[in-house]
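Q: Just the structure for this:
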Amino acid sequence: MNNKKDFFVDYSCLTMAEGLLSANAHNTHVVYDVFFREIPDNGGFVIMSGLECLIEELKRISFSNETLEELKENGFSQALIDYLSNFKFSCDVYAVPEGTPVFPNEPIVKICGPVIEAQIIETLVLNIINHQTLVATKANRVVRAAQGKRVIEMGARRAHGFDSAILGARAAYIGGVSATTLYNATKQFKIPSASPMSHSWVQLFDDELEAFKIYLEEHGEDGMLLVDTYDTLDSGVKNAVEAFNSVLVPKGLRPAGIIIDSGDMTYLSKRARRILDEAGFPDCDIYASNSLDEILIKDMINQGAKIDGFIVGEKLITSESSPVLDGVYKLCETEKNGERIPAIMVSNNVNKITTPCSKRVWRLFDMESGKAIADVLTLSDESIDNEKTYSLFDPDFTWKRKTVDNFVARELLVTIFKDGGCVYTSPSLEEIRSYCIEQVSTLWDEVTRFENPHKYYVDFSGKLWGIKQSLIEKNSKF
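A: As a prediction, this is how the structure comes out:
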């Protein structure tokens with residue numbers, strides 16, 4: 001046995017690879033697109049995430065001797081075993097940078113290279129991008145609902161496994177949360193940490209006041225007191241005030257905050273705010289927790305809740321209300337005898353008809369407002385000239401047209417791997433998070449609203465649209 005770490009792969013990908021070897025078609029050059037069809041929670045956009053993790057996994061593709069033996073025992077051919085034992089990644093990979101708002105049916109990752117390699121990495125690519133993009137998107141919704149108030153991610157206890165918790169915390173930070181309670185995520189990604197008190201701490205002591213005093217003696221002005229173990233107003237908040245006066249004030253320290261985890265938090269926060277202010281602690285923050293999501297947070301703020309921050313758990317880390325990003329991995333071009341051949345999937349379900357050809361993705365920004373106008377898909381050999389006007393048209397409703405000028409076109413897909421070698425330097429996590437905030441601000445309010453958001457247009461160049469329509473007509477059987 002060697003020390004190689006096994007690669008993450010589906011049996012179906014290996015079966016495809018075996019068939020390609022048998023047909024001597026494994027080196028056929030292809031282009032695959034990763035894209036999604038629907039936005040979770042009926043939202044206006046999605047936040048791209050997971051690229052750095054994907055890069056690290058693609059750098060280390062290998063199959064251990066133990067795995068190769070098991071595959072052989074499971075009936076896979078010696079040709080596949082030999083191929084996997086000497087596997088060397090050689091594809092070109094293009095992707096939209098993490099933190100970028102993206103939209104349905106546009107490539108967010110593009111794989112170009114031998115078809116056998118593109119097939120082997122399919123499950124890995126989709127697993128990473130689908131999960132982390134989903135969580136980043138949900139986190140961004142929660143953060144936008146909080147309207148500038150602090151959001152702490154605390155979902156590890158109900159995340160779907162260790163990796164989902166750790167990588168989900170990273171994605172949530174990209175989406176805009178301020179901190180995580182998960183030590184492993186802070187250790188691995190340097191995400192700011194938060195450490196809320198638990199109810200069991202209070203229950204371990206003879207009375208609530210004693211529990212609060214001992215906790216503050218240990219944690220000082222960083223300690224946040226959980227005040228709803230027994231009675232939030234008549235016990236918790238009043239004991240918190242007494243503990244602040246007994247432990248912190250004599251040391252010249254100020255309290256970090258209190259946490260309300262149950263009950264009518266809008267009402268309780270208003271009463272708690274009054275008690276804290278009258279006691280001389282207007283700077284003591286009030287946090288709310290308890291199965292929160294963007295809808296509950298928005299409602300509390302609209303109702304005038306006196307809450308300074310939110311601790312959000314399972315509904316964020318699992319994106320409970322819409323727990324799947326339907327990212328797919330589709331062939332869009334092949335090459336035979338040096339000729340590039342567009343590939344399309346034509347389905348009775350029109351939403352599943354794919355867009356052929358190797359493509360570029362452009363975002364047009366209005367020079368005056370800085371706002372995003374639309375995205376445009378073009379053929380890989382087409383460019384958009386900023387110095388000219390450009391005619392946009394809806395690829396589904398072609399009579400909807402708009403001519404734009406005074407714009408700048410920015411290409412979204414950047415080169416990540418060239419001939420199997422990584423040529424991309426990942427920004428720091430802080431830089432990605434800041435970039436995400438900046439890019440979301442380029443979207444019109446109509447696109448970012450939660451209810452019935454305006455559809456952001458992803459248009460085609462005339463040449464791309466023409467190729468797609470001709471292929472649909474050629475391959476349609478209905």
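
Q: Run through the chain and note the low-pLDDT ranges.
A: Low-confidence segments of the chain, defined by pLDDT under 70: 1-5, 477-478.

Q: rerun at 50
A: Scanning the chain for pLDDT under 50 picks out the ranges 1-4.

Q: for the closest residue to D10 other than its chain neighbours, what are its contacts?
A: What sits nearest to D10 in space, not counting adjacent residues and going by C-beta to C-beta, 6 or more residues apart in numbering, is T123, at 4.2 Å. Glycine gets a C-beta too; all of them are placed from N, C-alpha and C. With contact taken as C-beta atoms under 8 Å, 6 or more residues apart in numbering, T123 is in contact with 8-10, 12-13.

Q: among those, which two are most distant?
A: Greatest spacing in the contacts of T123, by C-beta to C-beta: F8 and S12 (13.2 Å).

Q: Pretty sure T403 sits in a strand.
A: Yes - secondary structure of T403 (DSSP: H, G, I helix; E, B strand; the rest coil): part of a strand.

Q: Is it bridged to anything, and to what?
A: S391 (DSSP bridges).

Q: Near it, how many other residues are there?
A: 9 (other C-beta atoms under 10 Å).

Q: close enough to count as contact, it and T389?
A: Yes - T403 is within contact range of T389, at 5.4 Å (criterion: C-beta atoms under 8 Å).

Q: Pull the contacting residues for the residue lying closest to A272 once chain neighbours are set aside.
A: Nearest in space to A272, with sequence neighbours left out and distances taken as C-beta to C-beta, 6+ apart, is V237 at 4.8 Å. Applying C-beta under 8 Å, 6+ apart to V237 gives the contacts 227, 258, 271-272, 275-276.

Q: what's the spacing between V237 and C284?
A: Computed as C-beta to C-beta, to the nearest Å, the V237 to C284 distance reads 10 Å.

Q: Ok, S441 next?
A: Counting by C-beta to C-beta, the gap from S441 to C284 is 31 Å.

Q: So the two - more neighbours on which side?
A: Counted by other C-beta under 10 Å, S441 and C284 do not tie: C284 has more neighbours, with 25 against 11.

Q: From S262, how far out is the nearest residue to that one once chain neighbours are set aside?
A: Spatial nearest neighbour of C284, excluding adjacent residues (C-beta to C-beta, 6+ apart): P255 at 4.4 Å. To S262, P255 is 21 Å away according to C-beta to C-beta.

Q: Same drill for the two, tell me which one is more crowded.
A: Higher neighbour count among P255 and S262: P255, with 25 against 13, using other C-beta under 10 Å.

Q: Using the three-state scheme, assign the more buried one.
A: Per three-state DSSP, P255 ends up coil.

Q: Quick check on it: phi, psi?
A: phi -70, psi 150 (degrees, to the nearest 10).

Q: Identify the residues contacting it.
A: P255 sits next to 216, 221, 223, 225, 240, 244, 248, 281, 283-284 when contact means C-beta under 8 Å, 6+ apart.

Q: what do you get if the cut-off is 6 Å, keeping everything else the same?
A: By C-beta atoms under 6 Å, 6 or more residues apart in numbering, the contact list for P255 reads 244, 248, 281, 284.

Q: which SS class is the second one?
A: At L248, secondary structure determined by three-state DSSP is helix.

Q: quick check: domain ranges of the protein?
A: 197-288, 354-411+444-478 (automatic domain parsing).

Q: With respect to E52, which of the ones you listed lies nearest?
A: Using C-beta to C-beta, the nearest of those to E52 is domain 354-411+444-478, at 19.8 Å.

Q: Report the distance from that closest one to the chain centre.
A: Taking the mean of its C-alpha atoms, domain 354-411+444-478 sits 23 Å from the chain's own mean (C-alpha atoms, centre = their mean, to the nearest Å).

Q: Then stretch 127-139?
A: Chain-centre distance of stretch 127-139: 3 Å, with C-alpha atoms, centre = their mean.

Q: what's the answer for stretch 217-235, then?
A: 33 Å.

Q: buried set for it?
A: 223-229, 232-233, 235 (16 or more other C-beta atoms under 10 Å).

Q: Narrow those residues to those in strands?
A: Within the buried residues of stretch 217-235, residues falling in strands by DSSP state E are 224-226.

Q: will you turn those residues into JSON lines that also has distance to V142?
A: JSON lines is the format used below for those (distance: C-beta to C-beta, whole Å):
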{"residue": "M224", "distance to V142": "19"}
{"residue": "L225", "distance to V142": "24"}
{"residue": "L226", "distance to V142": "21"}
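
Q: roughly how far apart are the residue most central in space within the chain and Q188?
A: The geometric centre of the chain, computed from its C-alpha atoms, lies nearest to T133 (C-alpha atoms, centre = their mean), at 2.4 Å. According to C-beta to C-beta, T133 stands 19 Å off from Q188.

Q: now do G148
A: 28 Å.

Q: now N24
A: N24 is 43 Å from Q188, by C-beta to C-beta.

Q: More neighbours: these two, which one.
A: Taking neighbours as other C-beta under 10 Å, N24 and Q188 compare with Q188 leading, 13 against 8.

Q: Now do the same contact list for the more buried one.
A: So Q188 contacts nothing (C-beta under 6 Å, 6+ apart).

Q: tell me which element it is part of?
A: helix 183-189 (DSSP states H and E).

Q: Can you point out the buried residues in that helix?
A: Result for helix 183-189 [16+ other C-beta under 10 Å]: buried residues 185-186, 189.

Q: the strands in the stretch 351-478 of the chain, which residues?
A: Ranges of strands within the stretch 351-478 of the chain are 359-366, 372-379, 390-393, 401-404, 407-411, 414-418, 421-422, 458-460, based on DSSP state E, counting those that start in this stretch.

Q: Let me know which of those is tucked in deepest.
A: The highest mean neighbour count among the strands of the stretch 351-478 of the chain, using mean count of other C-beta atoms under 10 Å, belongs to strand 458-460: a mean of 23.

Q: Start from the N-terminal end of the stretch 1-150 of the chain and give the helices.
A: Secondary structure of the stretch 1-150 of the chain (DSSP state H, counting those that start in this stretch): helices at 11-22, 51-59, 65-73, 78-85, 115-120, 122-146.

Q: Turn those into CSV, columns for distance to Q469.
A: Formatted as CSV, these follow (distance: least, C-beta to C-beta, whole Å):
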stretch, distance to Q469
helix 11-22, 29
helix 51-59, 32
helix 65-73, 43
helix 78-85, 39
helix 115-120, 26
helix 122-146, 28
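
Q: For N105, find the nearest of these.
A: helix 122-146 (14.8 Å).

Q: now the angle from the closest one to helix 51-59?
A: Counting by axes from the mean of the first three to the mean of the last three C-alpha atoms, to 10 degrees, helix 122-146 lies at 170 degrees to helix 51-59.

Q: Run the angle between helix 122-146 and helix 11-22 for me.
A: Using the same axes, to 10 degrees: helix 122-146 against helix 11-22 is 140 degrees.

Q: Which of the residues in the helix or strand following helix 122-146 are classified as buried?
A: Counting by DSSP H and E, the element after helix 122-146 in chain order, helix or strand, is strand 150-153. Neighbour-count burial for strand 150-153, counted by 16+ other C-beta under 10 Å, picks out 150-153.

Q: now for strand 150-153, which elements pack on it?
A: strand 309-312 (3 or more C-beta pairs under 6 Å, 6 or more residues apart in numbering; DSSP states H and E).

Q: can you pull the contacts of R271?
A: L233.

Q: So it belongs to a strand, correct?
A: No - counting by three-state DSSP, R271 is not found in a strand; it is helix.

Q: Cool, thanks, talk later.
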